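A.B. asks: 3D model of this:
(chains A and B)
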Amino acid sequence: MDLLVSIILQIVYVIANLALISLGLAIIFGMMRVINLAHGEFLMLGGYTVVVATNNGVNIWVAILILSPLVVGAIGVIVERLLIRFLYGRMVDTLLATWGLSLLFIGLITSIFGASTATTISPPLGVVTIGEYTSSGYELFLIGITILLFVAVYLVLKLTTLGLVARGTMQNAEMASALGVSTSRIYMLTFGLGAAVSGFAGGLLAPITGVLPTIGTVYIAKAFITVISGGAAILAGTTSASILLGGLNGIISFVTGPTLGEVALLLAAIILLRIMPRGITGSIFRKSI
Amino acid sequence: MTLNRRHFVASATAALAMPAFLKNAYAADDIKFVSILDQSGGLDIYGKPMVDTTRMAIDEINKAGGLLGRKVDLKVYDPQSTIQFYTQFATQAAAGDKADVVHAGITSASREAIRPTLSRFKTLYFYNTLYEGGVCDINNFCTGSTPAQTVEKLVPHTMNKWGKKVYIVAADYNYGQITAQWVQKYVKDNGGEAVAVEFFPLDVTNFGSTIKKIQAAKPDMVMSALVGGAHASFYRQYAAAGMNKSVPIASTTFGVGNEHKLISAVEGDGMICAYSYFEEIDSPANGDFVKRFKAFAGDGAPALNELAARSYEAAYLWAEAVKQAGSTDRDKVTEALRAGLGIDGPSGKVQIEPKTNHAVQNVYLAELKDQSFNIIEKHENQPPTDTLLVCDLVADPTQSTFKFENGLKAAGIDI
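C.D. replies: From the prediction side, this is the model:
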């Protein structure tokens, strides 16, 4: 019984983890059709923000919850202004440009901080005991905060004027522009929001996975697979794909081992995209966000 | 001689061309030392310090007048943690650069990618990483420690201390697979039981399900042969679940990527590792080496570990062999090395064992405390008995194989 509860908790954590690393990418891809190959590096920069801040004496919660989204969001806005805005509608070009950006960030961070960074942060919140089993309290916190983050993004998109205007701009930029919306500003803010969410995710994961300049490459493939499998709807797509792929990965990892767990995740994504080429939300939950 | 314009132009051109010509002639006379080590990508945590110490060794050798009156020219390639670049750069080093010696490779996968190439081109090859043992190649000197030198000491020590049920976690490629077999063998030899063995692809960062499985299996200790930056998160998550207090970890790889600086003291304290070098070795030679390295590498100097120290020592081993051979010719240098050549480095004495082309070396056991290693045991002059079981280059110097390619059982070793 204890084992079952802690396994279920572990699988929920795998799902939350996948959803967390994918959300920023989903916002940028889902809203703007920009394939951001530097997504992994946005996560990495969020992690570095936390490490640098805590090394300089900033409280770890302030670093994670406030600084990491702010810093990476600002970087996102700069990147959009200097690079991305010239490339809208040119998917292959954005692909190349953001890939270059990804290499630039890795190189930059490596030359500033070295290949490995000494850190002293460890996951806060201690240990949670379930019968004979123990879990990290921080993992439970991550599950909770992922749910909160999704709710927050939903509320912003659904209830605020900014969300409404942003969704309108993504559907028909010319019409939005004709109605007096500054589409360029909306693009900038959306990209910044996506980057901020990515940075936040990176900051949240920093204490539990550690940060290295190259850590982004570990996340990018999984985030992409999740977003593409999810389809066009940002939240419903990411959530449903995370539950499907993460759940499968969690279960198979537990039964056989992580190698087959990864295989199962990739295989499921291939089959899914063969059956539903436009992702889960291309076939079901079509009206959702 | 009257100076007219035509003369002036001609002589000026000659004067300008002269230094370039001299430089070329000088460069052709340089001894070529090529290093192929990952300085970017997931394996750079290992590669960067190795390149730093290699540069320092070559720098010192050149400042001391070079070798045979010639300058040693170091060329460093970065294969970016990608195997195909290893093959490409090894070919470039051997066929293009006509290197006198190549020091290369971090993972066993990269070594096996380039070893046949360098052997075919008859380019002398040094592999300076600790690994699973079993390379039997006349052209390849493996100076790193092997399981019979380290794991054989580590397993009984930690089993006596912690208990006999061992859970093994390892990286999913030839190093991890074969090292896990060595651990199983030594656990069995010492009357213990390996309750489970699990392998992880190099990009796995989530170890939650494994940690639950470890909790369910209730072992007395965990033996880790995890590799690379992503795998460092295992130790964090293990500590976050409170496991480091109840089931301690010993490792064959922790620390050589300076992971002990990546995780905090509370997460790492109590781990035990075995290598042929630790920065904390208390000897005048090592104290001096560490001091020189900090001066050489400056403020951002990384921590030193076996891989870094051995890269430095191996450069000196080769240099010593060149001096004794009086030539950089591969056969002559190989012969000098195989005559049982040794040097005194920061780790102590390192000597080539001619049957295997591996190194006889000191091995230290150390316990992690506050992000540094406290040395608890020292074993002097350990021979590579694992590779000696399967390799005899004195009897048959034509060999060029990796004996453990298909695991230990296939090589006739009982596990």
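
A.B. asks: okay, now residue B:356: neighbour count?
C.D. replies: The local packing of residue B:356 (other Cβ atoms under 10 Å in any protein chain shown) involves 29 other residues. Yep, even glycine has a C-beta here, placed from its N, CA and C like the rest.

A.B. asks: sorry, slip of the keys, the one I care about is residue A:251.
C.D. replies: Neighbours around residue A:251, by other Cβ under 10 Å: 17.

A.B. asks: element containing it?
C.D. replies: helix A:247-255 (DSSP states H and E).

A.B. asks: can you name every helix or strand that that helix contacts?
C.D. replies: helix A:2-32, helix A:258-275, helix B:208-217 (3 or more Cβ pairs under 8 Å, 6 or more residues apart in numbering or on different chains; DSSP states H and E).

A.B. asks: for residue A:172, what are its contacts?
C.D. replies: Counting by Cβ atoms under 8 Å, 6 or more residues apart in numbering or on different chains, residue A:172 touches no other residue.

A.B. asks: okay if I get the helices and strands packed on helix A:247-255 as CSV plus mean neighbour count and distance to residue A:236?
C.D. replies: As requested, the helices and strands packed on helix A:247-255 are arranged in CSV below (neighbours: other Cβ atoms under 10 Å in any protein chain shown; distance: least, Cβ to Cβ, whole Å):
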stretch, mean neighbour count, distance to residue A:236
helix A:2-32, 23, 10
helix A:258-275, 16, 15
helix B:208-217, 21, 26
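
A.B. asks: any idea of the mean pLDDT for the helix holding residue A:251?
C.D. replies: The average pLDDT within helix A:247-255 is 88.

A.B. asks: so can I have a markdown table of the helices and strands packed on helix A:247-255 showing distance to residue A:137?
C.D. replies: Converted to a markdown table, the helices and strands packed on helix A:247-255 look like this (distance: least, Cβ to Cβ, whole Å):
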| stretch | distance to residue A:137 |
| --- | --- |
| helix A:2-32 | 12 |
| helix A:258-275 | 23 |
| helix B:208-217 | 13 |
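
A.B. asks: mean pLDDT and distance to residue A:178 for those - can I get that in a markdown table?
C.D. replies: Formatted as a markdown table, these follow (pLDDT from 0 to 100; distance: least, Cβ to Cβ, whole Å):
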| stretch | mean pLDDT | distance to residue A:178 |
| --- | --- | --- |
| helix A:2-32 | 87 | 19 |
| helix A:258-275 | 89 | 36 |
| helix B:208-217 | 87 | 51 |
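
A.B. asks: can you check which of the ones you listed gets nearest to residue B:112?
C.D. replies: Proximity of those to residue B:112 was assessed by Cβ to Cβ; the nearest stretch is helix A:258-275, lying at 20.0 Å.

A.B. asks: show me what the very next helix or strand once past that closest one is packed against.
C.D. replies: For helix A:258-275, the following helix or strand on the C-terminal side (DSSP H and E) is helix A:280-283. Counting by 3+ Cβ pairs under 8 Å, 6+ apart, the packing neighbours recorded for helix A:280-283 are helix A:216-230, helix A:234-241.

A.B. asks: relative to residue A:166, which of the helices and strands packed on helix A:247-255 is closest?
C.D. replies: helix A:2-32 (6.7 Å).

A.B. asks: residue B:333 reaches residue B:320, doesn't it?
C.D. replies: No: between residue B:333 and residue B:320 there is no contact under Cβ atoms under 8 Å: 9.9 Å.

A.B. asks: just for the chain, where's the confidence low?
C.D. replies: Chain wasn't specified; assuming chain A. Filtered on pLDDT under 70, chain A yields the residue ranges A:114-120, A:286-287.

A.B. asks: oops, I was thinking of chain B
C.D. replies: Scanning chain B for pLDDT under 70 picks out the ranges B:1-28.

A.B. asks: try it again at 80.
C.D. replies: B:1-28, B:40-42, B:229, B:262, B:299-300, B:414-415 (pLDDT under 80).

A.B. asks: tell me how it divides into domains.
C.D. replies: Chain B breaks down by automatic domain parsing into domains covering B:28-146+B:282-360+B:384-401, B:151-275.
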